[in-house]
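A.B. asks: Provided below for reference: sequence and predicted model.
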Amino acid sequence: MMKRDECFRILARHIKGEAVVATYSSAVDWVDISPGPLNYLSIGAMGLDSSHGLGLALGRPDKRVIVLQGDGSLLMNLGSLVTIAAAAPKNLVHFVAQNDTYEANGSQPIPNPKLNFADMARASGYAAAYDFSDLKVFEQQVAHVLEQEGPVFATLHIAPSKPLKYDYPSLYDPEKRKAFKAEWQS
Amino acid sequence: MEAPIAAAASGLHELHGGGIIAAIKASGIEYVLAVPDIVTSKGLLSPIARDNDFKLIRVCKEDECIGIASGLSYSDKRALVLIQYTGFLDSLNAIRGIAVEYKQPICMMVGLLGHDPDVAPRVSPRYGVRIIEPICDDMGIAHHLINDDADVSKIRPAIDKAYRESAPVALLIGRRPSAS
């Protein structure tokens, strides 16, 4: 089983000016591995990460947008798979870290841990959908995932991580939103 | 006691969708994010869907609109959320977080299903309609009732103000706009 931070360290090596929408546990790991102004962390309501990502992607079709969502978050906004597929932004890559828990809310299990999100994305109409559970395979294929025409979806099957510290005042600092906007428009 | 509103008292009882759409265009709205609402379906959403001046994103659930509009705002792209009041109520947590706490320019056009245009929404016999304006007041969301053609002139200044001040606004559609 992969670990989320291991996946993100590999992903971070391929980042070249993309916006990265990351929330909750994914945000905690991501900002530790890849801090910077193009991290979009303030989504306001659980589950809306994928919708924010769609708005960013539509607003700047010349730039790429990466969403790092948890499985609990996607379950709160499953319809966004259909909306994103219909809007068909070519510049959106949508990762879901699946550990079958609402990790940020006490690691309680999701209602059904046997879900195949990649199948859902494929059926919704994403241009491509992947499942990764082997770190070496992910490392080999991540460049292709990021470069192909979207919307692209990929599930990262991960083990529950070590206990994380959720510093929400820092993640949701209004200055970070200002910095993001300035960098995104540059 | 039901309170008659000014437009009804003056005998102005029409609301033309074409006028609203012209005001939306004049406001610089590029994206319309919508879930169908029977109040605005024929008079607004259908003509907007045929209008190449707009980019229409049909979403599955109303709170998606709030996230998408927020994402677009970082590129200074103006968006209008076109939903029913039931969807507004369903999206309150997203509106709370994104529009109010983050002070994002989220512009919402909200169909008041079941609203009697001759009665002020606050005293509507329909509970869902009656609570909309007080909720907006409590959340600090500017709101304007668009009941008749005379109200359409409120739309552009309201949207311009929302983007200028980075704040939400709710434009409450009080009767079914005609398709003309």
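C.D. replies: Received the coordinates, thanks.
A.B. asks: going forward, measure contacts and count neighbours with C-alpha atoms only.
C.D. replies: Fine.
A.B. asks: chain A: helices as residue ranges?
C.D. replies: Using DSSP state H, the helices assigned to chain A run over residues A:4-12, A:24-33, A:49-59, A:71-75, A:79-87, A:117-124, A:135-147, A:168-171, A:174-184.
A.B. asks: save those as a markdown table, and put in mean pLDDT, distance to residue B:60 and mean neighbour count too.
C.D. replies: Shown next, in a markdown table, are these (pLDDT from 0 to 100; distance: least, CA to CA, whole Å; neighbours: other CA atoms under 10 Å in any protein chain shown):
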| stretch | mean pLDDT | distance to residue B:60 | mean neighbour count |
| --- | --- | --- | --- |
| helix A:4-12 | 97 | 29 | 18 |
| helix A:24-33 | 94 | 24 | 20 |
| helix A:49-59 | 98 | 11 | 29 |
| helix A:71-75 | 96 | 14 | 21 |
| helix A:79-87 | 98 | 5 | 21 |
| helix A:117-124 | 98 | 12 | 19 |
| helix A:135-147 | 97 | 26 | 15 |
| helix A:168-171 | 90 | 28 | 14 |
| helix A:174-184 | 96 | 27 | 16 |
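A.B. asks: give the residue spans of chain B that score low on pLDDT.
C.D. replies: For chain B, the stretches with pLDDT under 70 are B:1-12.
A.B. asks: so which of the helices of chain A comes closest to chain B?
C.D. replies: Closest approach to chain B among the helices of chain A (CA to the nearest CA): helix A:49-59, 4.0 Å.
A.B. asks: find the residue at the geometric middle of chain B.
C.D. replies: Residue closest to the average C-alpha location in chain B (CA atoms, centre = their mean): residue B:109, at 1.2 Å.
A.B. asks: mind checking how far that residue is from residue A:169?
C.D. replies: 32 Å (CA to CA, to the nearest Å).
A.B. asks: sorry, back to before: adding distance to chain B, write the helices of chain A out as a markdown table.
C.D. replies: Below are those laid out as a markdown table (distance: least, CA to the nearest CA, whole Å):
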| stretch | distance to chain B |
| --- | --- |
| helix A:4-12 | 22 |
| helix A:24-33 | 15 |
| helix A:49-59 | 4 |
| helix A:71-75 | 12 |
| helix A:79-87 | 5 |
| helix A:117-124 | 12 |
| helix A:135-147 | 20 |
| helix A:168-171 | 13 |
| helix A:174-184 | 6 |
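A.B. asks: rebuild those as CSV, extending it with distance to residue B:43.
C.D. replies: As requested, the helices of chain A are arranged in CSV below (distance: least, CA to CA, whole Å):
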stretch, distance to residue B:43
helix A:4-12, 47
helix A:24-33, 41
helix A:49-59, 26
helix A:71-75, 34
helix A:79-87, 23
helix A:117-124, 30
helix A:135-147, 42
helix A:168-171, 42
helix A:174-184, 35
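A.B. asks: out of the ones you listed, flag the one nearest residue B:128.
C.D. replies: Closest to residue B:128 of the helices of chain A is helix A:79-87 (CA to CA; 24.7 Å).
A.B. asks: just want the angle from that closest one to helix A:117-124.
C.D. replies: Calculated by axes from the mean of the first three to the mean of the last three CA atoms, to 10 degrees, helix A:79-87 forms an angle of 40 degrees with helix A:117-124.
A.B. asks: what packs against helix A:79-87?
C.D. replies: helix A:49-59, helix A:117-124, strand B:55-58 (3 or more CA pairs under 8 Å, 6 or more residues apart in numbering or on different chains; DSSP states H and E).
A.B. asks: can the shortest one be said to contact chain A?
C.D. replies: Yes: with CA under 8 Å from any CA of the partner chain as the threshold, strand B:55-58 lies in contact with chain A, specifically through B:57-58.
A.B. asks: count the residues that sit near the residue nearest to residue A:27 when sequence neighbours are not counted.
C.D. replies: Closest residue in space to residue A:27, ignoring its immediate chain neighbours: residue A:41 at 6.8 Å, by CA to CA, 6 or more residues apart in numbering or on different chains. Burial of residue A:41 is recorded as 25 neighbouring residues (other CA atoms under 10 Å in any protein chain shown).
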